[in-house]
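Q: Quick one, fold the following:
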Amino acid sequence: MTGIKLAFNYLRIGIMNEFQYRANLYIQILQTFIALGTGLIGLNLVFAQTSQLGGWGKADLLAVMGVFTMTGGFIRAAIQPNMERLMEEIREGTLDYALTKPADSQLLVSVREFRLWQLVDVLTGAIVVIIALVQLNWLMDIWSVLGFFSALVMGGLMVYCFWLIITSTAFWFVRVHEIANLFEGLYAAGRWPVDIYPNWLRYGLTFLVPVAFAVTVPASAITGRLTFETWLGALALTVTLFIIARTIWLIGVKNYSGASA
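A: The predicted model follows:
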């Protein structure tokens, strides 16, 4: 219970801090619409030349774009800020302030930062998904809805675990931020379904960097492409990544020497 209370307190403080800089909201809205406009232009250019891309129609890819925008907004709101702060504290030896709190250290370092205005991307992505579903004449099905939201949650957890694994290597290595920058570049590939990429890149975006599970799988759920086997595979990978991330984190903390050492 102490950990949950601390998490909510950090969330409240993060939201209050964001409200101090309300101009950032307008900047974020502008950035979101520029990114969305660029994506839509690219989508229209592609479908001016073809009617399908890797078996995906225009409305299907609009759904992918919506999920990509939603997931990206969540990453930049809740995952990336915390991982960047964690990297900095490990490097400077100031992680002691988090480790000495009466709560699980992994939970604590994962919830201390929250960028409220990044939720503009989440809302915009949700609107794009709804528009795509209207174009697809989507009939609401309980299994599709459950598959979509469960895939979104698993995708978010996989991205979090991947970030934590990368960030935890800062206990042993110095230039970890460069690896984190590489992830951002690879995540951009999630704007398109992984089916369209060559096999080597498809496998890399599925198992090495979980972009496929974070974007393509949720989009597959609402476009009728998600199979139960794929869903089970996503669940298994989520559990595996969480165990790996937790293990690496605990080993790193055990070997950490901070300012109080």
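
Q: now the lowest-mean-pLDDT helix or strand in the chain, how far from the chain's geometric center?
A: Using mean pLDDT, DSSP states H and E, the weakest-scoring helix or strand in the chain turns out to be helix 176-187, at a mean of 72. Taking the mean C-alpha point of helix 176-187 and that of its whole chain, the gap between them comes to 13 Å (CA atoms, centre = their mean, to the nearest Å).

Q: And stretch 204-221, by the same measure?
A: When C-alpha coordinates are averaged (CA atoms, centre = their mean), stretch 204-221 and its chain have centres 11 Å apart.

Q: residues making contact with that stretch?
A: With CB atoms under 8 Å, 6 or more residues apart in numbering as the test, stretch 204-221 has contacts from 60, 63-64, 66-68, 71, 144, 147-148, 151-152, 154-156, 158-159, 162, 183, 186-187, 189-191, 193-195, 197, 202, 226, 230-231, 234, 237-238, 241. The way it works is simple: take the backbone N, C-alpha and C, and place the C-beta from them, glycine included.

Q: at 7 Å instead, please
A: Judged by CB atoms under 7 Å, 6 or more residues apart in numbering, the contacts made with stretch 204-221 from elsewhere in the structure are 63-64, 67-68, 71, 144, 147-148, 151-152, 154-155, 158-159, 162, 183, 186-187, 189-190, 193-194, 197, 226, 230, 234, 237.

Q: related to what we said a few turns ago, what's in contact with the least confident helix or strand of the chain?
A: Defining contact as CB under 7 Å, 6+ apart, one finds that helix 176-187 is touched by 87, 166-167, 169-170, 205, 209, 211.

Q: Stretch 123-133 too?
A: Defining contact as CB under 7 Å, 6+ apart, one finds that stretch 123-133 is touched by 32, 36, 59, 62-63, 65-67, 69-70, 73, 222.

Q: Which of these has the largest number of neighbours?
A: Going through the contacts of stretch 123-133 with other CB atoms under 10 Å as the criterion, the one with the most neighbours is residue 67, at 30 neighbours.

Q: what's the pLDDT at that residue?
A: At residue 67 the predicted local distance difference test score is 93.

Q: cool, and the one 3 residues further on?
A: As summarised for this prediction, residue 70 has a pLDDT of 93.

Q: what do you get for the one 10 residues further on?
A: According to the model's per-residue confidence, residue 80 sits at a pLDDT of 90.

Q: Quick check on residue 56: phi, psi?
A: Residue 56 adopts backbone torsions of phi -100, psi 130, taken as degrees, to the nearest 10.
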